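**Student:** One predicted model, sequence on top.
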Number of protein chains: 2
Amino acid sequence: MTTRSVVIRQGVLSKNDALAAGLRERFSAAGVFVVNLLSSPGAGKTALLERALRELRARGLRVAALVGDPATDCDARRLARSGAAVRQIDTHGRCHLDAEMVGAELRAFDLAGLDYLFIENVGNLVCPASYDLGQHLRVVLLAVTEGEDKPLKYPATFNSADLVLITKRDLAAACRFERAATHANVRALRPDVELLETSALDGSGLAEFYALLEARRVAALAVNAS
Amino acid sequence: MTTRSVVIRQGVLSKNDALAAGLRERFSAAGVFVVNLLSSPGAGKTALLERALRELRARGLRVAALVGDPATDCDARRLARSGAAVRQIDTHGRCHLDAEMVGAELRAFDLAGLDYLFIENVGNLVCPASYDLGQHLRVVLLAVTEGEDKPLKYPATFNSADLVLITKRDLAAACRFERAATHANVRALRPDVELLETSALDGSGLAEFYALLEARRVAALAVNAS
């Protein structure tokens, strides 16, 4: 990168950080816990959310989702079948969501009437890591099919994760998932991160995921209320 | 994006295009056919290349590889076991390879002594599509595990593909691969693109892949020689 492009990039990021800080205050004041989901394309963010929106609603929680893709609105249509409020952000080819895009869509939601807002980022293990969206929790998904080396190759995404979800564990045997090496590589980047293995198909690991979300939500709101 | 950042981005891309055009002339003059491989993280670029480098060498072809990752050199070490000349580009967190990075590594190769140079791009379905690397052939890999909707969601990558390889076909049954929908979505973006289903594990589809590469290589060099 040239010096000039580095300076401009830093300017873009500090502007984003300021917007994201404002969003986080707004989310906390409204009492809504915001979760930013990052992964490769096809790691299962939408499949996880389809099930989580439905199952959290069944537990009486008020949930909504904001979905980013470089094109199409197919994910929003899939997620809306859960009955939750869902909005699509079509980034028109851009490789990540930023705080400005998120802020522009918030008028579609009654934030004070929500317990959770899930933001499904663009499928990309590089660029979304640089953009704070004002979330309370950053969740990185890694499918068992992707290979044990991905945390090492995409450090900026994994070393900023609050929770790592290994997804598609139902395929672990079929794709010869290297469990020990994968866990070790996640821990190498982020030693104390929470790590769960899940399957949106057979539901394994999801009760633990919801319990962890609830614990984090209650803690975040207690801090805000105090 | 602001007007200013759009202008700067266009400047970066036109500078890259000029460098790439120079690289392509240099590759053609040296008689080396250059293949740029794009995909999501974990779609199997390295597994495919591991096997292709070995098997093309066994057929008497002179092959080399240049591998890009945001961090680590583990792919280059894997590929070097084939006996081919391999160089790693550590992009230090950047989300794509560009023509300047490729040009800077070429001194490591005797281009005139090669039949093929494979460039394994950073695993990312968005950003690498904008950067011409001077290749003769742009190959996009899509694993059966990623979902049938990916061509629609990442149009810029698929509509610039010369060849689409569906990878990991050995996992098709286990992950309920939607073959008809996937093929239809690829064709929706790129109607006449070559499309092969492959597995680097059981080797299916690879003979067809090598035959297609050879046909394209011979055609590209004949144009250059005429």
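**Tutor:** Cool, the structure landed.
**Student:** Next to chain B, which bits of chain A? Give me the list.
**Tutor:** A:1, A:4-5, A:8, A:12, A:40-42, A:69-72, A:74, A:93-95, A:122-127, A:143, A:145-147, A:149-150, A:152-156, A:168, A:171, A:174-175 (Cβ under 8 Å from any Cβ of the partner chain). For every residue, glycine as well, the C-beta is placed using N, CA and C.
**Student:** hey, which helix or strand in chain A has the poorest pLDDT?
**Tutor:** helix A:3-30 (a mean of 88; mean pLDDT, DSSP states H and E).
**Student:** Pull the CA coordinates from the helix or strand following that one and hand them back as CSV.
**Tutor:** Counting by DSSP states H and E, the next helix or strand C-terminal to helix A:3-30 is strand A:33-38. The C-alpha trace of strand A:33-38 is given here as CSV (Å, rounded to 0.1, in the frame of the first residue of the first chain):
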residue,chain,number,x,y,z
PHE,A,33,-28.0,-7.1,22.7
VAL,A,34,-26.2,-7.1,19.3
VAL,A,35,-24.3,-10.0,17.8
ASN,A,36,-22.1,-9.7,14.7
LEU,A,37,-21.6,-13.0,12.9
LEU,A,38,-18.4,-13.4,10.7
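**Student:** Which strands border strand A:33-38, and is each parallel or antiparallel?
**Tutor:** In the sheet, strand A:33-38 lines up against strand A:116-120 (parallel), strand A:137-143 (parallel) (DSSP bridges).
**Student:** for the shortest one, the distance to its chain's centre please.
**Tutor:** On the basis of Cα atoms, centre = their mean, to the nearest Å, strand A:116-120 is displaced by 7 Å from the centre of the chain it belongs to.
**Student:** Let me see the mean pLDDT of it.
**Tutor:** Strand A:116-120 shows a mean pLDDT of 98.
**Student:** cool, and stretch A:195-215?
**Tutor:** 98.
**Student:** on that earlier part again, can you tell me which of the residues of chain A next to chain B end up in helices?
**Tutor:** Among the residues of chain A next to chain B, the ones falling in helices (DSSP state H) are A:4-5, A:8, A:12, A:74, A:150, A:152-153, A:155-156.
**Student:** Select only the buried ones of these in PyMOL?
**Tutor:** Buried residues within those, by 16 or more other Cβ atoms under 10 Å in any protein chain shown, are selected in PyMOL with:
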select buried, chain A and resi 8+12+74+150+152+153+155+156
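**Student:** burial of the closest residue to A:Arg179 other than its chain neighbours, as a residue count?
**Tutor:** Spatial nearest neighbour of A:Arg179, chain neighbours left out: A:Ala172 (7.2 Å); criterion: Cβ to Cβ, 6 or more residues apart in numbering or on different chains. By other Cβ atoms under 10 Å in any protein chain shown, 17 other residues sit near A:Ala172.
**Student:** Look up phi and psi at A:Ala172.
**Tutor:** phi -60, psi -50 (degrees, to the nearest 10).
**Student:** In this structure A:Pro103 contacts A:Ala18, no?
**Tutor:** If you look again at residue A:103, you'll see it is Gly, not Pro. No. A:Gly103 lies out of contact with A:Ala18 (Cβ atoms under 8 Å); the separation is 11.4 Å.
**Student:** Looking at those two, which one has more neighbours?
**Tutor:** It is A:Gly103, of A:Gly103 and A:Ala18, that has more neighbours when counted by other Cβ under 10 Å, with 16 against 11.
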